[in-house]
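J.: can't give you the sequence, but here's the structure:
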């Protein structure tokens with residue numbers, strides 16, 4: 001399970017390592033182009049009910065931490081899907097299986 005630390009957020013975002021590797025490519029590409037966008041996800045089972053949307057902007061500190069020492073093989077189709085989603089007004093909305101709770105359980109996420 002990977003972790004995203006974003007700005008001064010109170011808690012990190014836990015995301016499956018494989019998905020996070022793909023998300024990192026899309027986020028880095030967008031931010032390198034100085035393009036801002038949103039990333040949305042529902043809270044995990046061990047967190048208060050609700051959902052979060054963060055505004056990703058090149059001026060806000062961002063750090064990715066992976067459990068696995070070796071990067072996974074990247075799926076160009078998943079990168080393309082995430083990039084296309086980032087280019088919409090709704091931004092990226094992670095699917096149910098993509099985000100994990102701090103205890104390792106799956107978050108209940110809305111489908112994009």
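T.: Done, it's in. All of these numbers come straight from a predicted model, not from anything done at the bench.

J.: helices and strands around the lowest-mean-pLDDT helix or strand in the chain, which ones?
T.: Within the chain, confidence by mean pLDDT, DSSP states H and E is lowest for strand 13-15 among all helices and strands, at a mean of 85. Helices and strands touching strand 13-15, by 3 or more Cβ pairs under 8 Å, 6 or more residues apart in numbering; DSSP states H and E, are strand 2-6. No exception for glycine: its C-beta is placed from N, CA and C like everyone else's.

J.: contacts for the strand it packs on next, please.
T.: If you take Cβ atoms under 8 Å, 6 or more residues apart in numbering as the criterion, strand 2-6 is touched by 12-17, 19-21, 54, 56, 60-67.

J.: try 10 Å
T.: The contact list for strand 2-6 (Cβ atoms under 10 Å, 6 or more residues apart in numbering) reads 11-21, 23-24, 27, 39, 52, 54-56, 60-68, 99-100, 102.

J.: return the distance of the least confident helix or strand of the chain from the chain's centre.
T.: Its chain's C-alpha centre and that of strand 13-15 lie 7 Å apart, by Cα atoms, centre = their mean, to the nearest Å.

J.: for this protein, what are the low-confidence residue spans?
T.: Low-confidence segments of the chain (pLDDT under 70): 44-45, 95-112.

J.: kindly recompute the last result at 90.
T.: Low-confidence segments of the chain, defined by pLDDT under 90: 1-2, 8-16, 19, 41-52, 78, 94-112.

J.: ranges for the strands of it?
T.: For the chain, strands defined by DSSP state E occupy the ranges 2-6, 13-15, 37-42, 51-56, 62-65, 92-93.

J.: the first one pairs with which strands, and in what direction?
T.: According to DSSP bridges, the neighbouring strands of strand 2-6, each with its direction, are strand 13-15 (antiparallel), strand 62-65 (antiparallel).

J.: nearest to residue 43, out of the ones you listed?
T.: The closest of those to residue 43 is strand 13-15. By Cβ to Cβ, the value is 10.1 Å.

J.: of the strands of the chain, which is nearest residue 31?
T.: Here strand 51-56 is closest among the strands of the chain (Cβ to Cβ), at 6.7 Å.
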